[in-house]
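Undergrad: Attaching a predicted model along with its sequence, questions to come.
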Amino acid sequence: QSCRGWRATTMDEDPVNAALQALACSRDCKGSQQENALSQLAAAVKNAKAGLSAAVLDSIFGEIGQLTAQAHERKLRVHINAIVTQALVRSPVDAPKALTKALAAFVKRLQKAAVPDIINLVYVQWSCLLLANTPSQFTPDQWKSWVGLQSKLILAAVTESGKLARQARKAVVSLLSQHAALRTYYGDAIKASEADVALTVLGDVVLEAAVHVKDQAVLDKYKDAFVDMFTKTILVSKPVQPQGVLESTRFIFKAADAKAWDDVLWPAAKRSLKRSPEVSLFALPAMFADVTVDLSKSSTEVLEELQPFLFGSDDVVRAPALRTVAELGRKCSDAALAQAAITKLVDALLGKSASIKLTLLSQRTAAFDAIEALLQGRFSGPSRAALSENAVTQLLALAAKDAPEPVQARAISALSSAAALSSTVPEPLLAAYQAVLAPGNKTKPALRLAYLLSMADVFRDDRVGAAAGNISKALFALVESASKQTTPAQACELCAAALVLLRLSAASTECATQLQGPKFWDALCQTGIIGDRFYTAALALSSAAATAAGTATGAVAAGAAAAASSSSSSSTSSGAASSASHAVAGGAAAAGSAKSSAGLIAVPDSGAGVLAAFADLTDLIMAGGFAAKLADNTAWLGVLMSLLVHPNYTLRILASNKTASFLGAVGTPALHTQLLASFLAKLNALTLVEGPAAEERPSSGVLLHALLALCTPGVDEDRVTVAQTAFVSSCHPLVVHAQALPFLQVLDHLQ
């Protein structure tokens, strides 16, 4: 009340100071009160009868600077930036000085402690407003001072990669894209300054703006200098830069040509690998990802330089080395050089190499990862097919070698990458598939499952030819045999074989005809083998993969505890049983995914592979006109619901995408009713979980994402009916928790 009274008596006499006082009074307020105070200050500055004094300008920038931490709402940022703009327009001489002083004070603050990303964004926007509203009359020394100031602002903003970092960078790129002269001023000033990380990032922004407006003159003038700056400040200097900074140098690499790569980038990288590999290894993946030149000629040398890190015993440095090889593979087009590199790795895996000794499982897995990376190149012509067949032959030799099962399974999983290079399935691979499926074959169950999953990857289109008929006959026999067994391995084989058959039906009329008969569907659906036994198998396979990779067993134990809790809570409920087995398998998968997220190497997780195959199989069944075959199959739908809320992010998103895909194609009210009833049963089963296992329950965000996938309407389906069907699930306590009005989000999804 005191502020209001003071403002009422002084508004006519000094409107700017009155508005500042009102803004100070509203500092602890939120919402409309702050917006009104900011709007009033913007109007007062705009309508000021005389230019604003330096003291008033300092007060303005100081007062609105106090609100930057609350500027997450776009409305507040708009008001704050409007005040800055009006101050620059009303006082073109004093306002830039005052704003520059405020920016410099903020930079000093950054040197003492980190600040929230939103504050960084606001100050970057202010620096752009200053140049956009002020004539560019700086001297060369003033430009050097300015880019030094703004570069520190942009560096602070992009250090933590994310949405706000992208907005901060976009603000500067937009400014430089609109003003051609500024690109030259910036480039000259950066080039003339003493190199540091901040200026390197700002130089990358200049190149991005030049690319955006196709300013080739600026690219040609500065790209070499900025490449050299990157090597000095990031590639060969300590400490290791944050990921956000590394991502903010991508246009320097995009602008680099073959000469810059051969003369500057790669030589500097080699020196850095010898001098301080703990720094350069973490910068190399970003550099290789964004460079646009063909790296075929460098591939052999790169692999030799990375060899100590790929096949050493340190998993921490192996991860960035593998990411570098993966990016290298995508930049190669010479199939002969790729074949030579692959042969060298295969010799090492076979124990024939004098220079590479692979004894640990992680080392062998890294070699397979490198082989698959080299198969991702941009090959063309006859050499592409030749590389495919040679690689398939070499991988089959590794799969047949007397080695631990995880190594053999990894060789089999790499076959699909080699086969993808050929327009038809290579003959050696078809022969291997037929041999594995032949009656009396003694292939170990785990390896036979790996071959089936490989077939599911390879047979994605009509590339099989005449062999489709013979393979489908063997698969139908395997399905019939698996349905009569009770072992978990047979349940997984049944799922994988069924997926391969549905893929083969596009190439084989005989296979498509047999799928119309009841025998196949009785074996697949009526026995209930896709249910508890299926998840038990996934648990066993994922646990074996986690153990082989040396992962911690805590996640598996947590999954087992969740299973026990869920089973004891409702032993008669099929939904609870499905939840129990899901929790156990999920524990193992979580262990594996945790290891992957840390950047370490894991053996192939066949359990996760089978669950992914199940998602594909469900999609093909539903979209292929066989939805009625799964009617009332609560065990099957229970597995699908568990996948939709699986702790493994990749599996969860795959299941959501596949579910949305088939519902969008063939969704009906009856199908939605059935699926949403199964989802509600899953929610109720999760509610019964108690004790430590309750902490492993899916978050409300995960549950809502699953619900939205299940609410995808069919082509001609009434969306109101879908919303009504989903209402009860959207109001479930587990979904509502920490979510803002889930049912309204369902309605938005259905718009």
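TA: Thanks, I have it. Numbering: from 1, shown residues only.
Undergrad: C-alpha from now on. contacts and neighbour counts both.
TA: Will do.
Undergrad: average model confidence for stretch 418-435?
TA: Averaging pLDDT along stretch 418-435 gives 92.
Undergrad: Could you give me the buried positions within that stretch?
TA: Using 16 or more other C-alpha atoms under 10 Å as the test for burial, stretch 418-435 gives A418, A419, A420, L421, S422, T424, V425, P426, L429, Y433, Q434.
Undergrad: Remind me what the strand or helix carrying A105 packs against, helices and strands.
TA: Using DSSP states H and E, A105 sits within helix 94-112. Applying 3 or more C-alpha pairs under 8 Å, 6 or more residues apart in numbering; DSSP states H and E, one finds that helix 94-112 contacts helix 54-65, helix 74-90, helix 117-132, helix 140-158.
Undergrad: Pull out the buried positions in the first one.
TA: When you say that, I think you mean helix 54-65. So for helix 54-65, counting by 16+ other C-alpha under 10 Å, buried means V56, L57, D58, I60, F61, E63, I64, G65.
Undergrad: For the helix holding A105, the averaged confidence score.
TA: Averaging pLDDT along helix 94-112 yields 90.
Undergrad: got the angle between it and helix 74-90?
TA: 130 degrees (axes from the mean of the first three to the mean of the last three C-alpha atoms, to 10 degrees).
Undergrad: between helix 94-112 and helix 140-158, how big is the angle?
TA: Using the same axes, to 10 degrees, helix 94-112 lies at 50 degrees relative to helix 140-158.
Undergrad: How far off centre is helix 94-112?
TA: 37 Å (C-alpha atoms, centre = their mean, to the nearest Å).
Undergrad: which residues touch it?
TA: Defining contact as C-alpha atoms under 8 Å, 6 or more residues apart in numbering, one finds that helix 94-112 is touched by 52-54, 57-58, 61-62, 87-88, 123, 127, 130, 134, 149, 152-153, 156.
Undergrad: What of stretch 161-179?
TA: With C-alpha under 8 Å, 6+ apart, stretch 161-179 has contacts from 117-118, 120-121, 124-125, 128, 132, 154, 157-159, 182-183, 205-206, 208-210, 212-213, 243-245, 247.
Undergrad: Identify each buried residue in that stretch, please.
TA: For stretch 161-179, by 16+ other C-alpha under 10 Å, it's 161, 164-173, 175-177.
Undergrad: before we move on, back to that, buried subset of the contacts of stretch 161-179 as a ChimeraX selection?
TA: Selecting the buried subset of those in ChimeraX, with 16+ other C-alpha under 10 Å as the burial test, is done by:
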select :117,118,120,121,124,125,128,132,154,157,158,159,182,183,205,206,208,209,210,244,245,247
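Undergrad: quick revisit: tabulate the helices and strands packed on helix 94-112 (a markdown table), appending distance to S700 and mean pLDDT.
TA: Listed next are the helices and strands packed on helix 94-112 as a markdown table, based on distance: least, C-alpha to C-alpha, whole Å; pLDDT from 0 to 100:
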| stretch | distance to S700 | mean pLDDT |
| --- | --- | --- |
| helix 54-65 | 36 | 88 |
| helix 74-90 | 26 | 87 |
| helix 117-132 | 26 | 89 |
| helix 140-158 | 30 | 91 |
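Undergrad: Just send those back as CSV, with distance to S26 too.
TA: Formatted as CSV, the helices and strands packed on helix 94-112 follow (distance: least, C-alpha to C-alpha, whole Å):
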stretch, distance to S26
helix 54-65, 11
helix 74-90, 13
helix 117-132, 19
helix 140-158, 28
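Undergrad: So for V702, which of these sits nearest?
TA: helix 117-132 (26.1 Å; C-alpha to C-alpha).
Undergrad: Who are the packing partners of that closest one?
TA: Applying 3+ C-alpha pairs under 8 Å, 6+ apart, one finds that helix 117-132 makes contact with helix 74-90, helix 94-112, helix 140-158, helix 163-178.
Undergrad: Among those helices, single out whichever gets nearest to V500.
TA: Here helix 163-178 is closest among the helices and strands packed on helix 117-132 (C-alpha to C-alpha), at 41.1 Å.
Undergrad: quick one: the closest one to chain centroid distance?
TA: Using C-alpha atoms, centre = their mean, the offset of helix 163-178 from its chain centre is 22 Å.
Undergrad: How about stretch 391-408?
TA: Chain-centre distance of stretch 391-408: 30 Å, with C-alpha atoms, centre = their mean.
Undergrad: Also stretch 324-336?
TA: The chain centre lies 21 Å from the centre of stretch 324-336; the measure is C-alpha atoms, centre = their mean.
Undergrad: now stretch 206-222
TA: Centre to centre, stretch against its chain (C-alpha atoms, centre = their mean), the figure for stretch 206-222 is 29 Å.
Undergrad: So what touches that stretch?
TA: Contacts of stretch 206-222 (C-alpha under 8 Å, 6+ apart): 173-174, 176-177, 183-184, 186-187, 191, 223, 251-252, 255.
Undergrad: Send me it as CSV with only the CA atoms.
TA: Output of stretch 206-222 as CSV, limited to C-alpha atoms (Å, rounded to 0.1, in the frame of the first residue of the first chain):
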residue,chain,number,x,y,z
VAL,A,206,30.0,-16.7,-36.9
LEU,A,207,30.5,-19.7,-39.3
GLU,A,208,27.0,-21.0,-38.5
ALA,A,209,25.5,-17.6,-39.4
ALA,A,210,27.5,-17.6,-42.6
VAL,A,211,26.3,-21.0,-43.5
HIS,A,212,22.7,-20.0,-42.8
VAL,A,213,22.8,-17.0,-45.3
LYS,A,214,25.3,-18.8,-47.7
ASP,A,215,28.0,-16.2,-47.2
GLN,A,216,30.9,-18.1,-48.8
ALA,A,217,33.2,-15.1,-48.5
VAL,A,218,33.1,-15.2,-44.7
LEU,A,219,33.5,-18.9,-44.6
ASP,A,220,36.6,-18.8,-46.8
LYS,A,221,38.1,-15.9,-44.9
TYR,A,222,37.8,-17.3,-41.4
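Undergrad: that older thread, and the helices and strands packed on helix 117-132: which comes nearest D461?
TA: By C-alpha to C-alpha (comparing all of those), the closest turns out to be helix 163-178, at 38.4 Å.
Undergrad: Now do that closest one against helix 117-132, angle only.
TA: Using the same axes, to 10 degrees: helix 163-178 against helix 117-132 is 10 degrees.
Undergrad: Return the subset of the buried residues of stretch 418-435 lying in strands.
TA: Here DSSP state E is the test, and the buried residues of stretch 418-435 give no hits in strands at all.
Undergrad: okay, those in JSON lines with distance to A44 next?
TA: Below are the buried residues of stretch 418-435 laid out as JSON lines (distance: C-alpha to C-alpha, whole Å):
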{"residue": "A418", "distance to A44": "69"}
{"residue": "A419", "distance to A44": "70"}
{"residue": "A420", "distance to A44": "67"}
{"residue": "L421", "distance to A44": "68"}
{"residue": "S422", "distance to A44": "71"}
{"residue": "T424", "distance to A44": "73"}
{"residue": "V425", "distance to A44": "74"}
{"residue": "P426", "distance to A44": "76"}
{"residue": "L429", "distance to A44": "78"}
{"residue": "Y433", "distance to A44": "79"}
{"residue": "Q434", "distance to A44": "83"}
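Undergrad: Most widely separated two among those residues?
TA: L421 and Q434 (20.8 Å).
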